[in-house]
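Enquirer: Have a look; sequence and predicted model below, questions after that.
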Amino acid sequence: MSGLEDLYREIILDHYRSPRNRGELPSPPAERVEAFNPLCGDEVVVYLQVDDGVLSDIRISGQGCSISQSSASLMSAAVKGKPVNEVRDLIKTFKSMMSIHESHLGTGAGGEDRDGTASQDGEDRGGTEDEGVLIDPEAMGELAALQGVVKFPVRIKCATLSWNALAQGLDEAASAGDVGTTD
Amino acid sequence: METLSASGTSIDPVAIRADFPILAREVGGRRLVYLDSAASSQHPRMVLDAMDNYYETTHANVHRGVYAMAEEADRLYENARTSVGRFIHAPDPAREVLFTKNATESLNLVAYSWGRHNLQRGDIVVLSEMEHHANLVPWLALAEERGIQLRFLGIDDAYRLDLTGIEDIVAGAKIVSLTLMSNVLGTMPPFADIARLAHAAGAVVMADGAQFVPHLPTDVGALGCDFLAFSGHKMLGPTGIGVLWGRRDLLEDMPPFLGGGGMIRDVRLDGFVPSELPWKFEAGTPPIAEAIGLAAALEYLEAIGMEAIGAHQRSLTSYAQQLLNDRFGGDLKIMGPAGVDDRGGVLSIAYRDIHPHDLAQVLDQSGVCIRAGHHCAKPLMRHLGVTATARASFYLYNDESDVDALADALAEAGNLFW
Ligand SMILES: Cc1ncc(COP(=O)(O)O)c(C=O)c1O
């Protein structure tokens, strides 16, 4: 059962049972992005409000499995109130945490967009505990709890669903001219 | 193969399991409990041997060779057609049984060939809300392309087809196409009755037998269908082979579906003349080994007896209904008809509010394989108000110990999440 306990860590179950930042924001002005996982019908809707280069507010709605819903909740807690640059960095870090496994298997080309299509033999390799080499779990805070998901390749897409929606929302906010170039 | 002598009224799943090499494997040190046969069933050694034997001794293309081995291959392939015809009691197997890639292709063949030949703007096609996407999307595409009109039989509170006002629904319909057994609910609509009404209204009737044909005696005459579609891989056969049975006069009148080698009598640069039935509908090199594998699967099923397989399915489903109800009470809901008179061995389960994917994941740790998802029936999911269900399904190699394992694993999932 050890693999399973890696997947369903207590933090994940907590965010699943009591999701943070649940709800909606009036859109517009907020960006609203829907993401679907056609595999299981999971659905996440991310509302985000960007003001002066800061992700000032975020809300999550939709329904789905414990992984997609807890990942969305953990994400919302981690990014709310953060400068957009930092949020983008965190998205990148999170997605590499989710795809690190894939690149270790040598199928990493374009890995960021290929979540969930990872090789099915993932479980065998998952036990090597080398996921932490590039990712500093300390820096990830509670999000590190989702690391166990990489051992279950079909569930990776559940974990990245809301993050893809967030990335898309930030792009839309930027192209709508809401985000000042902060560099 | 002692199990084959067990043909009669009851079957012995333990002996049957011994015929299925894959069922001897373990998952994470636990016995494999395979409860996903509605998605795809496993194979007795006899099927694997038949295919190996063809590849090792008889492999050649069909319909084209004059040499002895090619003739042998041809005979095996055509014998498989006869076996399928016998299995579904087709009046004219040699003409009316078409091999396809799967049930999906069979259903598409009818929508494309019969549909485009016979349906005009405004024509009515009757389906139901519990259909698999394979019996929805081809018609939806035709509605978009041709402007045909789709009508749907609904679902009542007991998960059965709602037949209220069915005379009005089928009135004026050109074709009525329905599942014989829902792959989500297990529901078996009263197909023969509906077919009678549909015929009286002048409609052609198609049966999606993907879930039904593997489990119960099938007689196209008794069902009263004009077309019947099913897949080999859900009835102990290999993937890559499906069947469309059709009434000969209808098939004769239909244009070819795919064009290419094997399906023509003559080709000139300004046109072609299609071949006769059944080859008119079998363009290109067909799934030869798969047809041979399917014939072996049918032989295996027939030796055990479809009556006995049907009875086993009912008794196992009844056991599961009772056990799950006793053990989990109101925490667990089976989305499907109560009893076993008009349902198959497909149990869609909702357990507390644990998401089906989480349930399937936890069950996998106990070696219990169930399916979680929308099961290619999204309109039905919407009707049920869910995005997915967790589905366990039974076949002849399952027994009560598998149901017990399912219940134990569900209890473990409950402990983990709450
Ligand atoms: C009721 C029903 N119809 C059609 C199909 C399609 O079968 P296949 O995927 O083999 O084409 C299925 C398979 O899941 C089914 O359950």
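Expert: Received it, and whenever you're ready, just let me know what you need.
Enquirer: Strands of the stretch 201-350 of chain B, residue ranges please.
Expert: Using DSSP state E, counting those that start in this stretch, the strands of the stretch 201-350 of chain B run over residues B:204-208, B:227-231, B:242-246, B:264-268, B:271-274, B:332-334, B:346-351.
Enquirer: of all the ones you listed, which lies closest to the ligand?
Expert: When the strands of the stretch 201-350 of chain B are compared by Cβ to the nearest ligand atom, strand B:227-231 sits nearest the ligand, at 3.4 Å. Every residue, glycine included, has its C-beta placed from N, CA and C.
Enquirer: Return the alpha-carbon coordinates of that closest one using CSV.
Expert: C-alpha atoms of strand B:227-231 as CSV (Å, rounded to 0.1, in the frame of the first residue of the first chain):
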residue,chain,number,x,y,z
PHE,B,227,-28.9,-5.2,-38.1
LEU,B,228,-26.9,-6.4,-35.1
ALA,B,229,-23.5,-5.0,-34.2
PHE,B,230,-21.0,-6.5,-31.7
SER,B,231,-17.3,-6.8,-30.9
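Enquirer: Pipe the strands of the stretch 201-350 of chain B into CSV and attach distance to chain A per row.
Expert: Putting these into CSV (distance: least, Cβ to the nearest Cβ, whole Å) gives the following:
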stretch, distance to chain A
strand B:204-208, 22
strand B:227-231, 21
strand B:242-246, 24
strand B:264-268, 39
strand B:271-274, 38
strand B:332-334, 17
strand B:346-351, 13
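Enquirer: Same list (the ones you listed) but as TSV, adding mean pLDDT and mean neighbour count.
Expert: Supplementary listing: the strands of the stretch 201-350 of chain B in TSV, determined by pLDDT from 0 to 100; neighbours: other Cβ atoms under 10 Å in any protein chain shown:
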stretch	mean pLDDT	mean neighbour count
strand B:204-208	98	27
strand B:227-231	98	28
strand B:242-246	98	29
strand B:264-268	93	11
strand B:271-274	95	12
strand B:332-334	97	17
strand B:346-351	97	24
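Enquirer: what comes into contact with the host helix or strand of B:G115?
Expert: Assigned by DSSP states H and E, B:G115 belongs to helix B:115-118. With contact meaning Cβ atoms under 8 Å, 6 or more residues apart in numbering or on different chains, helix B:115-118 is reached by B:V125, B:P138, B:W139, B:L142, B:R146, B:I148, B:K174, B:I175, B:V204, B:D253, B:M254, B:P255.
Enquirer: buried ones in it?
Expert: Under the neighbour-count criterion of 16 or more other Cβ atoms under 10 Å in any protein chain shown, helix B:115-118 has B:G115 buried.
Enquirer: ditto for stretch B:147-164
Expert: Neighbour counts over stretch B:147-164 (16+ other Cβ under 10 Å) mark B:I148, B:Q149, B:R151, B:F152, B:L153, B:I155, B:Y159, B:R160, B:L161, B:D162, B:L163 as buried.
Enquirer: residues contacting the residue nearest to B:V362 when sequence neighbours are not counted?
Expert: Distance criterion Cβ to Cβ, 6 or more residues apart in numbering or on different chains; nearest residue to B:V362, sequence neighbours excluded, is B:A413 at 4.1 Å. With Cβ under 8 Å, 6+ apart as the criterion, the residues that contact B:A413 are B:Y351, B:I354, B:D358, B:L359, B:V362, B:L363.
Enquirer: So which of these sit within helices?
Expert: If you go by DSSP state H, the contacts of B:A413 have B:D358, B:L359, B:V362, B:L363 in helices.
Enquirer: what's the last one in contact with, if anything?
Expert: With Cβ under 8 Å, 6+ apart as the criterion, the residues that contact B:L363 are B:C369, B:I370, B:L406, B:A409, B:L410, B:A413.
Enquirer: Let me see the contact set for the second one.
Expert: What it means is B:I370. Shown in contact with B:I370 (Cβ under 8 Å, 6+ apart): B:L35, B:D36, B:L359, B:A360, B:L363, B:A390, B:R391, B:A392, B:L406.
Enquirer: B:A195 contacts B:C225, correct?
Expert: Yes: the pair B:A195 / B:C225 is scored as a contact, 6.0 Å apart, by Cβ atoms under 8 Å.
Enquirer: ok, these two, which is more surrounded?
Expert: A count of neighbours by other Cβ atoms under 10 Å in any protein chain shown puts B:C225 above the other of B:A195 and B:C225, at 30 against 23.
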